[in-house]
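Just a sequence and a predicted model for now, questions to come.
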Amino acid sequence: MSKKLIFFLVSVLLAGLFCTAAFAGKTVTVLGTWGGAERDAFMKMVEPFEAATGIKVEFTGTRDLPTILTTRVAAGNPPDISGIPNPGQMQEFAEVGALVDLSEFMDIGKLQDEYSQTWIDLGSYGGKLYSIFISADLKSLVWYSPKAFSSAGYQIPQTWDELMTLSDKMVAQGKTPWSIGLESGAASGWPGTDWIEDIMLRTVKPEIYDKWVNHEIPWTDSAVKRAWEIFGDIARSDKYVYGGAATALTTNFGDAPNVLFTSPPRAYMHKQATFIKSFILNYDPTLKPGEDFSFFPFPSIDPEYGTPALGAADMFAVFNNTPEAQALMRYLATAGAQEIWVVQLGKLSANRRVNPSAYPDDLTREAAQILASAQTFRFDGSDLMPAAVGSGSFWSGILDYVGGEDLDSVLKRIEETAVDAYKK
């Protein structure tokens, strides 16, 4: 065991978070979405916790978290702790009394010192704190190859007009500007919702975005329709998208950026969140962040709204109020735990006390800075909506629209779903 890890364990114990004698031989069950590198990173993060307490963390990963978790809660057999797909579903579990109020065993003052009020509010419902965020992803990014851009003489666009001018220039040169991947198994369509949300934030006031998320304006509203039309100008265009709409619909989101790094590139830009970095490196581990691949902020559209930051995060809640579950939640909230997480995976921490040097490269530090300094930040809209809409008709509507269906029909169908979902 390294000196650094020993020092960390001693620091944790001295902080009074754990009492090892009470926990020896105990187990805490955790349910989440992660597999592969993400699961490995999570288990690396909890190693010091296990060593310090004697508690065994049993993690189960599933890509169908909403269904599995809902089924287990309904059957009276929830995990001790679980990832929550989105704040909307967190609220649904809180309403039926399935979640533990974290203020019963966590220091709220300490959490408020380490997390911005935005994160506290997103994890709360009805005046009670039910969830903490262990990591965040910045979604308002366009990924590209600096070498490919430099070789072609392309400049980073600062505005939407410049972005479209660049796209048209690429087309005129016989090149393809964009790679889009909308396939994600049962979750297919979600990458397109990020486009709509980022566009909305750049074409209306943040308060209008909030009204849309809360269904205080209909999906058929002109502001919502305009965002879809701007997205469609790219996503439904065979000249702009590698392989056209058909390829976008069948390409897995994790594979979509690969064509940026072929020789010659088959496409030059890809919109995706910070987590796509791990997929890029899985495709080609020799690629160097900042040198072989980088990003620029998704540009402004209407100048008065600037370049807001859209994000999402990994949130955890307690379903069984056991001492070992309490101990793990207290640990997961700490900067020390999340520094291990960001080192392993390159995610952004929601804890503002995390040392910037913990991030694995300058590119990830830059993303963290963009997230921290954004004048306007909003959580992923689909994650805040009722599941029937946010992970239902919104996702499927993206697929239908990119597939060629009339926009008015798509928005009308989502609106019908929303009318029912928001009544519950």
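Happy to help now that I have it.

mind checking pLDDT for the spatially most central residue of the chain?
The residue lying closest to the centre of the chain (CA atoms, centre = their mean) is residue 312, at 3.5 Å. For residue 312, the model assigns a pLDDT of 86.

State the helix or strand in which it lies.
Assessed by DSSP states H and E, residue 312 sits inside strand 309-318.

So in that sheet, which strands flank that strand, and in what orientation?
Taking DSSP bridges as the criterion, strand 309-318 forms sheet pairs with strand 81-84 (antiparallel), strand 132-138 (antiparallel), strand 377-379 (parallel).

Contacts for the next helix or strand after that strand, please.
Scanning forward in sequence from strand 309-318 by DSSP H and E, the next helix or strand is helix 323-332. Helix 323-332 has contacts (CB atoms under 8 Å, 6 or more residues apart in numbering) with 12, 17-18, 22-23, 26-28, 30, 45-46, 49, 53, 55, 57, 80-81, 100, 102, 105-106, 132, 134, 316, 318, 337-338. Where you see a C-beta, it was placed from the backbone N, CA and C, and this is true even at glycine.

In PyMOL, select just the buried ones from these.
Restricted to buried positions by 16 or more other CB atoms under 10 Å, the PyMOL selection for these reads:
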select buried, resi 12+17+18+23+28+30+45+46+49+53+55+57+80+81+100+102+106+132+134+316+318+337+338
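
Can you flag which of the contacts of helix 323-332 belong to strands?
27-28, 30, 57, 81, 132, 134, 316, 318 (DSSP state E).

Output those as JSON lines; include the columns pLDDT and distance to residue 416.
Formatted as JSON lines, those follow (pLDDT from 0 to 100; distance: CB to CB, whole Å):
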{"residue": "27", "pLDDT": "96", "distance to residue 416": "45"}
{"residue": "28", "pLDDT": "97", "distance to residue 416": "42"}
{"residue": "30", "pLDDT": "98", "distance to residue 416": "37"}
{"residue": "57", "pLDDT": "97", "distance to residue 416": "43"}
{"residue": "81", "pLDDT": "98", "distance to residue 416": "36"}
{"residue": "132", "pLDDT": "94", "distance to residue 416": "35"}
{"residue": "134", "pLDDT": "88", "distance to residue 416": "36"}
{"residue": "316", "pLDDT": "96", "distance to residue 416": "34"}
{"residue": "318", "pLDDT": "98", "distance to residue 416": "36"}
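
quick one: which of those is nearest residue 89?
residue 316 (12.8 Å; CB to CB).

Mind listing the residues bridging to that closest one?
Beta-bridge partners of residue 316, as defined by DSSP bridges: residue 83, residue 132.

Could you pull up the contacting residues of it?
81-84, 131-134, 329, 332.

From residue 365, how far off is it?
25 Å (CB to CB, to the nearest Å).

Test my guess that residue 119 contacts residue 312.
No - at 12.0 Å, residue 119 does not count as touching residue 312 under the criterion of CB atoms under 8 Å.

rewinding a little: mind listing what's buried in the strand holding residue 312?
Here strand 309-318 shows 309-318 as buried, counting by 16+ other CB under 10 Å.

got it, and stretch 73-86?
73, 78-86.

now swap in stretch 118-137 and tell me
In stretch 118-137, counting by 16+ other CB under 10 Å, buried: 119-120, 122-125, 129-137.

got it, and stretch 414-424?
Judged by neighbour count (16+ other CB under 10 Å), stretch 414-424 contains these buried residues: 414-415, 417-418, 421.

Can you report how many residues lie near the nearest residue to residue 25 once chain neighbours are set aside?
Counting by CB to CB, 6 or more residues apart in numbering, residue 25 lies nearest to residue 54, which is 6.4 Å off, once chain neighbours are set aside. Residue 54 has 16 neighbouring residues, counting by other CB atoms under 10 Å.

just checking, residue 54 touches residue 28?
No - counting by CB under 8 Å, residue 54 does not reach residue 28; the two are 11.3 Å apart.

Just the closest of the contacts of residue 316 to residue 247, please.
residue 83 (31.1 Å).

now for the longest helix anywhere in the chain, which elements pack on it?
In the chain, with assignment by DSSP state H, the single longest helix is helix 36-53. If contacts are counted by 3 or more CB pairs under 8 Å, 6 or more residues apart in numbering; DSSP states H and E, helix 36-53 sits against helix 3-14, helix 20-23, strand 56-61, helix 276-283, helix 323-332, helix 335-345.

one more time with 7 Å, if that's ok
For helix 36-53, the elements it packs on are helix 3-14, helix 20-23, strand 56-61, helix 323-332, helix 335-345, judged by 3 or more CB pairs under 7 Å, 6 or more residues apart in numbering; DSSP states H and E.

Give the buried residues for that helix.
Within helix 36-53, judged by 16+ other CB under 10 Å, the buried ones are 38, 41-42, 45-46, 48-53.

Can you flag the weakest of the helices and strands packed on helix 36-53 by average pLDDT?
helix 3-14 - the lowest mean pLDDT of these, at a mean of 45.

how many neighbours does residue 409 have?
So residue 409, with other CB under 10 Å, has 12 neighbours.

could you say which helix or strand contains it?
helix 407-421.

Which secondary structure elements does that helix sit against?
Against helix 407-421 (3+ CB pairs under 7 Å, 6+ apart) you get helix 222-235, helix 394-402.

Go ahead and produce PDB holding the CA coordinates of it.
Output in PDB follows, covering the C-alpha atoms of helix 407-421 (Å, rounded to 0.1, in the frame of the first residue of the first chain):
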ATOM      1  CA  LEU A 407     -41.800  17.400 -37.000                       C
ATOM      2  CA  ASP A 408     -45.300  18.600 -36.100                       C
ATOM      3  CA  SER A 409     -46.400  15.000 -35.700                       C
ATOM      4  CA  VAL A 410     -43.400  14.100 -33.500                       C
ATOM      5  CA  LEU A 411     -43.900  17.100 -31.200                       C
ATOM      6  CA  LYS A 412     -47.700  16.500 -31.000                       C
ATOM      7  CA  ARG A 413     -47.100  12.900 -29.900                       C
ATOM      8  CA  ILE A 414     -44.500  13.900 -27.200                       C
ATOM      9  CA  GLU A 415     -46.900  16.600 -26.000                       C
ATOM     10  CA  GLU A 416     -49.700  14.000 -25.600                       C
ATOM     11  CA  THR A 417     -47.300  11.900 -23.500                       C
ATOM     12  CA  ALA A 418     -46.300  14.900 -21.500                       C
ATOM     13  CA  VAL A 419     -49.900  15.900 -20.700                       C
ATOM     14  CA  ASP A 420     -50.400  12.500 -19.000                       C
ATOM     15  CA  ALA A 421     -47.000  12.200 -17.400                       C
END
